[in-house]
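Trainee: Coordinates for the following, if possible.
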Amino acid sequence: MRKRKLLIPQPRSRFYKVICKTCGAENVVFSHASFPTRCKVCGTQLVKPTGGRALVLKDKSEIVAELG
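Mentor: Numbering: from 1, shown residues only. Modelled structure (predicted):
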């Protein structure tokens, strides 16, 4: 009897390291955030939830790296 290869599904969600353009602080946000994420220092909204993958607001924040 032959063993079959079982494919293990990988998660589609990631964590992003985001820099706030207003104050320059680094924040870690979830790619599928269900709640608006704000900057820890100045309080500006960085991520807008859309029901699936969250929208990173380009005029207020910039993605620096994908974590994990």
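
Trainee: now the end-to-end length of stretch 40-52.
Mentor: End-to-end span of stretch 40-52 (CA to CA, to the nearest Å): 23 Å.

Trainee: I meant to write stretch 44-63 there.
Mentor: 15 Å.

Trainee: Then stretch 33-50?
Mentor: 8 Å.

Trainee: repeat for stretch 16-35
Mentor: End residues of stretch 16-35 are separated by 15 Å (CA to CA).

Trainee: Of all the residues in it, which ones are buried?
Mentor: Within stretch 16-35, the residues that count as buried by 16 or more other CB atoms under 10 Å are 16, 18-20, 27, 29, 31, 33. Quick note: C-beta positions are derived from backbone N, CA and C, even for glycine.

Trainee: average pLDDT for that stretch?
Mentor: On average, the pLDDT along stretch 16-35 is 94.

Trainee: Next: stretch 61-68.
Mentor: Taken as a whole, stretch 61-68 has a mean pLDDT of 88.

Trainee: what about the nearest residue to residue 64 once chain neighbours are set aside, helix or strand, and which?
Mentor: Nearest non-adjacent residue to residue 64, counting by CB to CB, 6 or more residues apart in numbering: residue 17, 4.7 Å away. According to DSSP states H and E, residue 17 maps onto strand 15-20.

Trainee: Other residues contacting that strand?
Mentor: Contact partners of strand 15-20, identified using CB atoms under 8 Å, 6 or more residues apart in numbering, comprise 25-31, 39, 41-42, 44, 46-47, 56, 60-68.

Trainee: how near is residue 18 to residue 68?
Mentor: To residue 68, residue 18 is 14 Å away according to CB to CB, to the nearest Å.
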